[in-house]
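[1] Build me a structure from this.
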Amino acid sequence: MSDFPMKDSGNVISSSLYPLSLIRSVRGIPKLHFDEINQNEIPEPYYSLLVHEGDMTSRLEGYFNEEIIVQKLSSSNDGKAYFREVILKTFQSRKKIEYGAIEIKLHNLDQELHPLVIEAKKPLGGILNEARIPYSSAPRSYLKIIPDNEMIAAFGSVEADHLYGRSNEISSYNGETIAKIVEILPAF
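    Numbering: from 1, shown residues only. Next comes the predicted model:
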């Protein structure tokens, strides 16, 4: 898919699905149907993968025992914020293990990290960990999502009536937002 211009065509910035809601709106894709749920409503193995205050990269690498890579579906960069819609895959088996979107506040990252972020080969968590950048991760909400045709196409197939995910925010040691992320796991 090609890069998209960032213009908000509706009030999607306050959504629990932001920035995925914004990217889908700009691309003309219908809104996802979802519910915000309590973390106790999330079954395993999704609970262990989603309910924590760490980065998803480390959690997924540990679960699948493989390095994680990015498959960029779409992106936009205005120099201040970089948006991308992605599929995360395991490096060796190429298993699709997460669908999502991220808004990265470039001005809150060291300049030397910008090319790595925009290259879109590694997840942000992996880049931050390798650069030994201190950060905190704070889930904003947990989600139960009905997969639509766009999500099914991204994963290749979905054999479930709903999927689980989270809306997350990564902040620097001084409290500045580095990224807002929506992370949706496939059916395992």
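[2] in the longest helix anywhere in the chain, what's buried?
    Ranked by number of residues, the top helix in the chain under DSSP state H is helix 56-64. For helix 56-64, a neighbour-count test (16 or more other CB atoms under 10 Å) marks Met56, Thr57, Ser58, Arg59, Leu60, Glu61, Phe64 as buried. Any C-beta I mention is one placed from the backbone N, CA and C, and that applies to glycine too.
[3] Go ahead and confirm the fourth one touches Tyr47.
    No. Counting by CB atoms under 8 Å, no contact exists between Arg59 and Tyr47, whose distance comes to 11.4 Å.
[4] ok, so what distance separates Glu119 from Val51?
    30 Å (CB to CB, to the nearest Å).
[5] would CSV of the buried residues of helix 56-64 with pLDDT and distance to Gly125 be doable?
    Shown next, in CSV, are those (pLDDT from 0 to 100; distance: CB to CB, whole Å):
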residue, pLDDT, distance to Gly125
Met56, 90, 6
Thr57, 89, 3
Ser58, 89, 6
Arg59, 94, 9
Leu60, 95, 9
Glu61, 94, 9
Phe64, 96, 14
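[6] if we can go back for a sec, pull the residues that contact the longest helix of the chain.
    45, 48-49, 52, 67-68, 88, 90, 93, 95, 97-98, 123-126, 129, 168, 181, 183 (CB atoms under 8 Å, 6 or more residues apart in numbering).
[7] low-scoring stretches of the protein, by residue?
    For the chain, the stretches with pLDDT under 70 are 1-14.
[8] Show me the contacts of helix 56-64 that map onto strands.
    Counting by DSSP state E, the members of the contacts of helix 56-64 that fall within strands are Ile68, Leu88, Thr90, Ile97, Glu98, Asn168, Ile181, Glu183.
[9] which one among those residues gets closest to Ser25?
    For the ones in strands among the contacts of helix 56-64, the residue nearest Ser25 by CB to CB is Ile181; the value is 17.1 Å.
[10] Just list the residues touching that closest one, thanks.
    Pro19, Met56, Gly100, Ala101, Ile102, Glu103, Leu124, Ser167, Asn168, Glu169, Ile170.
[11] make it 10 Å
    Contacts here follow CB atoms under 10 Å, 6 or more residues apart in numbering; on that basis Ile181 touches 18-20, 55-56, 86, 100-104, 123-125, 137, 139-140, 165-170.
[12] mind checking the longest strand of the chain?
    Longest strand in the chain, counting by DSSP E: strand 135-146.
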